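# model this:
(2 chains)
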2 protein chains.
Amino acid sequence: MPAPSSRRSGGRAARKAQRARPLPAADRPVRPGLTGGRYNPLSEADIARIHRAALDALAEIGLADAPPSGVEAMCAAGATLGDDGRLRFSRALIEDLLARPRPDLVLHARDPAHDLELRGTRVHFGTAGAAVHLVESDGRSYRDSTARDIFDAARIADRLDNIHFFQRPMVARDIADNFEMDINTLYACCAGTTKHVGISISDPAFAPGVFDFLHLLAGGEERWRARPFVSASNCFVVPPMKFATESCQTMEFCLRAGMPLLLLSAGQAGATAPAPLAGAIMQAVAECLAGLFYAEAITPGAPVIFGTWPFVSDLRTGAMSGGSGEQALMTAACAQMHRFYGLPGGAPAGFSDAKLPDMQAGWEQAMSAVMAGLSGLNLVYEAAGMHASLLGYCHESLILGDDLIGQALRCVRGIEVSDDNLSLDTMRAVCLGGPGHYLGQPQTLALMQSEYVYPALGDRSSPKEWEEQGRPDLIEQARRKKQDILSAPSAAALDPALDARIRAAFNIHLPR
Amino acid sequence: MPAPSSRRSGGRAARKAQRARPLPAADRPVRPGLTGGRYNPLSEADIARIHRAALDALAEIGLADAPPSGVEAMCAAGATLGDDGRLRFSRALIEDLLARPRPDLVLHARDPAHDLELRGTRVHFGTAGAAVHLVESDGRSYRDSTARDIFDAARIADRLDNIHFFQRPMVARDIADNFEMDINTLYACCAGTTKHVGISISDPAFAPGVFDFLHLLAGGEERWRARPFVSASNCFVVPPMKFATESCQTMEFCLRAGMPLLLLSAGQAGATAPAPLAGAIMQAVAECLAGLFYAEAITPGAPVIFGTWPFVSDLRTGAMSGGSGEQALMTAACAQMHRFYGLPGGAPAGFSDAKLPDMQAGWEQAMSAVMAGLSGLNLVYEAAGMHASLLGYCHESLILGDDLIGQALRCVRGIEVSDDNLSLDTMRAVCLGGPGHYLGQPQTLALMQSEYVYPALGDRSSPKEWEEQGRPDLIEQARRKKQDILSAPSAAALDPALDARIRAAFNIHLPR
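This next block holds a predicted model:
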């Protein structure tokens, strides 16, 4: 067994200097939208069976509880309403729906540099969730999350290269009025980051106010519609196989107002979805196909994300388990179904059951995150900062998640095999009369930054160096970075005049 | 965004009781030898190019420094010795080598229940390494590792279902004499576990003594040869492209004595191997093909494991980085090359650069471990307990690694898609006049243990339960489990009469 090579001081300064030069975004080893798809948990036959069973479920079981407006629109588009109040969709109807050409979906951002193009198996990682607790890693304590916490999370995410979008990860529990909570959540997100923002709308009655806010922020409705920089996750379904009446009304409003929607089916295997992983995936697919049909009946070409989010239950207790291997498998399989349908898709990965950013959190987050990326999932939601099976969110964990996702992205990028990379010429030069090692080779120096990802906080020091540095603690390092980010002015801050107009129109709880 | 479903007390006791029944090994959700291969970092064309380049390297560059016995054997088998002292292998020679039928390799164990069958893409996880430090997680300190530490690690591994073999993970630095170190390492491993054991032999002069020991332990040479329960990792090559003269002599001895060998090529990309991942993989493949040719020239049908172990350098410092995404990619790609050749293969994954079992350790170990499993690597070495880029080993981390690997194995097992699992019938029963949820369905109860893996120490409690339990610390839980295991009598302990015979023949440092 080889011992790691000892550190070489010769040439180290030169390498460090080379490394210090900033790389243009296009030359960085990882970036948003890398192409995944090398991991395929399902065979072609598996995919076809899941698809057929989902069509059967839609034709034979259908969905209950659509609002009257939805019943009307979907029946006009060919669905049939049974005496049992369930809407059913024939196989041909869904096949026609899937055969319709659809434009690629772009999720815009306030800063166009952060726009996300959801083609093929391009992979993007971001936050999401509805945690009700902020995890304070220093005190190992859970407290109610606030609007300020959301704002801080947005500001942190704005500074992390590998967090590609920011969907609100927690609930502003300090705001009692639900409309004000929605508006202040939106404000906290948009004032904290210029990346694409995701929200949710708690009540259909709040939707008009949300769009008033967005039009104000965008500089008018036309500008909003040209580049909608906020999407909403919409739980249009209550699994198994019932429309969520009020959320559907919100969906109709949002689609007409030009907002991209994540159509979210979040059954829990063994509780609100079948216990076998295949069945839970199939049900989520069936429900999202119904959601797509609904959206198309309201707005043809609707900008929707296929949100198959089957979760896992710990069947011993019925509680959710987000950190499990079963979750990682289901999310990766969903990405394959998205690809099969040629639809932009999103699913959850990278979240943990651990209460703190400890080793368990690391292994749970990493396993599902990398599998989601390798499977080519367009939007990996809840991918950083989430603990306690989505009940807790942690700033330090978000910061560490940036390193974790950077590593996952390196894996998504994969291995380029070319004549240059196979290095026969370099090998000849090194072995046949050469130095017998590759350290000073031009190829080695040239690839230092483009082939390799270096973690920001992940520690690679030797035990000796680590002792000399006083045995740095990972969480403490993350805490310092958090303080650095939050003590600096926000690069995403709103123009003061615009901010004043927003504050005149809405009750913004965050201080100026 | 859905909140996790609240815990249901109704039915919980029944589910807990059901869960408490032990499962027969064959019904467990995960086990040794699950079939991987759903993740393929390389395309077919990539594989062919790597193979062709490796053949070119062997034909044109060849390997230096073979011992005279090796030169003689390999030249007799068709290799040519150049004026530059390098042995070269024509493309046809290697193609003939690869075309030869080879028996499947079984790694035997002292307890046959732990035998490992290395067919196809069957996946097994185990330890390995040559750490020089024992990481004491409570004091966050590194100290020299000892024979006792190896014995304790073996006893712990013996009790962990997801550690399938035990290769010595660290060096007995308390034993000054190198022969006694080898013998005591072997003793510590075999007295601690009845699983397959891996060792290494530091000097060809020690090999006869090692086999004296093994014959004694096995009950005679014949019994040893019938079921060789110890393999050795053999660093037969000093990358790039030089035979390790002394290790080659050890290899020849071991093969003639019937010992399975891991033929290990451990170049470091950017230092002793090309910096591009593709080149580092190609060089490792070329070197291992030379090793296989050598082994076959000594003992046709030799029981060897194709040990492509390309490591990663952090090019900023030249130090090794085991926890990187680049490492995970290279190991997974190597598994594909093993499959391409139809050879049993081993490579490293699941080790960390982190100094302690913290969140970084979790994400680094998990990412490479699951990718190795999904790629169908037969033997995943260094897969638990390894820190500081292989310089440190930690008992608590080994224990937590059992949970981590259990989850990775669940991912390897994948998703079974069948009519039963697609659950249309259950869905009909639940949705059409049924309870509207799956909690009490016979299918759900039946799958509780066979479809889902439950972590031993991974915490899935709610924040409320966690507070009530006094906020348990993951590492502290692992420490308690370590103490429980080490305070109980060893199930693998040697028969006292045999132990006495061994102690009469060898200087065993561990007390009786």
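# make it CA atoms for all contacts and neighbour counts henceforth
Noted.
# and the pLDDT for the residue nearest to residue A:413 when sequence neighbours are not counted?
Once flanking residues are discounted, residue A:413 sits nearest to residue A:34: 6.0 Å by Cα to Cα, 6 or more residues apart in numbering or on different chains. Looking at residue A:34, its pLDDT is 98.
# any idea what residue A:34 is bridged to?
Listed by DSSP bridges, the beta-bridge partners for residue A:34 are residue A:123.
# number of nearby residues for it?
20 (other Cα atoms under 10 Å in any protein chain shown).
# got the contact list for it?
By Cα atoms under 8 Å, 6 or more residues apart in numbering or on different chains, the residues touching residue A:34 are A:122, A:123, A:124, A:409, A:412, A:413.
# hmm, 10 Å instead?
A:121-124, A:373-374, A:376, A:378, A:409-414 (Cα atoms under 10 Å, 6 or more residues apart in numbering or on different chains).
# same check on residue A:256?
A:295, A:298, A:299, A:302.
# recalculate using a threshold of 8 Å.
Here residue A:256 is in contact with A:298, A:299 (Cα under 8 Å, 6+ apart).
# before we move on, the earlier item: the residue nearest to residue A:413 and chain B, how far apart?
14 Å (Cα to the nearest Cα, to the nearest Å).
# cool, residue A:476 as well?
Taking Cα to the nearest Cα, one finds residue A:476 at 12 Å from chain B.
# go on, residue A:118?
Counting by Cα to the nearest Cα, the separation of residue A:118 from chain B is 21 Å.
# now swap in residue A:142 and tell me
Counting by Cα to the nearest Cα, the gap from residue A:142 to chain B is 7 Å.
# beta partners of residue A:87?
Applying DSSP bridges, one finds that residue A:87 bridges with residue A:63, residue A:81.
# neighbours of it, how many?
Using other Cα under 10 Å as the criterion, the residues surrounding residue A:87 number 27.
# and what of residue A:170?
29.
# repeat for the one 4 residues further on
Burial of residue A:174 is recorded as 13 neighbouring residues (other Cα under 10 Å).
# ok, it - contacts?
Neighbours of residue A:174 in contact, by Cα under 8 Å, 6+ apart: A:144, A:145, A:146, A:147.
# for the residues you listed, which one is nearest residue B:479?
Proximity of the contacts of residue A:174 to residue B:479 (Cα to Cα) peaks at residue A:144, which lies at 31.7 Å.
# state the distance from the closest one to chain B.
Per Cα to the nearest Cα, residue A:144 is found 12 Å from chain B.
# so what pLDDT did residue A:444 get?
So residue A:444 comes in at 89 (pLDDT).
# and it, helix, strand or coil?
helix (DSSP: H, G, I helix; E, B strand; the rest coil).
# low pLDDT regions in chain A?
A:1-23 (pLDDT under 70).
# mind listing the residues bridging to the spatially most central residue of it?
Nearest residue to the geometric centre of chain A (Cα atoms, centre = their mean): residue A:381, 2.4 Å. According to DSSP bridges, the partner residues bridging residue A:381 are residue A:348.
# take the contacts of residue A:174 and keep only those in strands.
residue A:144 (DSSP state E).
# right, and out of the contacts of residue A:174, which lies closest to chain B?
Closest approach to chain B among those (Cα to the nearest Cα): residue A:144, at 11.6 Å.
# show me where the stretch 301-450 of chain A has strands.
Using DSSP state E, counting those that start in this stretch, the strands of the stretch 301-450 of chain A run over residues A:304-308, A:311-314, A:319-320, A:346-348, A:379-381, A:386-387, A:392-393.
# among those strands, which is nearest residue A:465?
Closest among these, using Cα to Cα: strand A:386-387, at 31.7 Å.
# for that closest one, which strands pair with it and how are they oriented?
Going by DSSP bridges, the partners of strand A:386-387 are strand A:392-393 (antiparallel).
# quick one: residues contacting the residue nearest to the centre of chain A.
Residue A:381 makes contacts with A:125, A:126, A:127, A:128, A:167, A:346, A:347, A:348, A:349, A:350, as judged by Cα under 8 Å, 6+ apart.
# quick check: the fourth one touching residue A:379?
This points to residue A:128. No - contact criterion Cα atoms under 8 Å: residue A:128 and residue A:379 do not qualify, at 10.7 Å.
# quick one: which of the two has more around it?
residue A:379 (32 against 27).
# ok, residue A:97 to residue B:124 distance?
45 Å (Cα to Cα, to the nearest Å).
# the more surrounded of those two?
residue B:124 (29 against 14).
# any idea what sits nearest the more buried one, other than its immediate chain neighbours?
residue B:379 (5.0 Å).
# what does residue A:439 give?
Distances taken as Cα to Cα, 6+ apart put residue B:271 closest to residue A:439, at 4.8 Å, once the chain neighbours are dropped.
# smallest gap between the stretch 401-512 of chain A and chain B, at which residue?
residue A:422 (4.0 Å).
# need the contact list for the residue nearest to that residue when sequence neighbours are not counted.
Among residues not flanking residue A:422 along the chain, residue B:279 sits closest, at 4.0 Å (Cα to Cα, 6+ apart). Residues near residue B:279 by Cα under 8 Å, 6+ apart: A:421, A:422, A:423, A:424, B:273.
# pretty sure residue B:279 sits in a helix.
Yes - when three-state DSSP is applied, residue B:279 is found to be in a helix.
# phi, psi for the residue of chain A positioned farthest from its centre please.
Seen from the C-alpha centroid of chain A, the residue lying at the greatest distance (Cα atoms, centre = their mean) is residue A:433, 51.2 Å away. Dihedral pair for residue A:433: phi 80, psi 0, per degrees, to the nearest 10.
# any idea how far it is from residue B:164?
44 Å.
# for the residue of the stretch 401-512 of chain A closest to chain B, what are its contacts?
Residues near residue A:422 by Cα under 8 Å, 6+ apart: B:50, B:53, B:276, B:278, B:279, B:280, B:282.
# which residues does the residue nearest to residue A:477 when sequence neighbours are not counted contact?
Counting by Cα to Cα, 6+ apart, residue A:477 lies nearest to residue A:457, which is 6.9 Å off, once chain neighbours are set aside. By Cα under 8 Å, 6+ apart, the contact list for residue A:457 reads A:400, A:403, A:474, A:477, A:478.
# can you get me a residue count around the second one?
Neighbour count of residue A:403, defined by other Cα under 10 Å: 23.
# the nearest residue to it once chain neighbours are set aside: neighbouring residues, count only.
In space, and not counting its chain neighbours, residue A:403 is closest to residue A:455: 5.4 Å by Cα to Cα, 6+ apart. For residue A:455, the count of nearby residues is 16 (other Cα under 10 Å).
# so of the contacts of residue A:34, which ones are in helices?
Residues of the contacts of residue A:34 located in helices (DSSP state H): A:373, A:374, A:409, A:410, A:411, A:412, A:413.
# residue A:70: which element?
helix A:68-76 (DSSP states H and E).
# give the buried residues for that helix.
A:70, A:71, A:73, A:74, A:75 (16 or more other Cα atoms under 10 Å in any protein chain shown).
# next: stretch A:499-512.
For stretch A:499-512, by 16+ other Cα under 10 Å, it's A:499, A:502, A:506, A:508, A:509.
# thought the second one was touching residue A:213?
It refers to residue A:502. Yes - with contact defined as Cα under 8 Å, residue A:502 counts as touching residue A:213 (7.3 Å).
# helix, strand or coil for residue A:41?
Secondary structure for residue A:41, judged by three-state DSSP, is coil.
# what sits against the closest residue to chain B within the stretch 1-150 of chain A?
Ranked by Cα to the nearest Cα, the top residue of the stretch 1-150 of chain A for proximity to chain B is residue A:39, at 4.1 Å. By Cα under 8 Å, 6+ apart, the residues touching residue A:39 are A:371, A:374, A:375, A:376, B:38, B:39, B:40, B:41.
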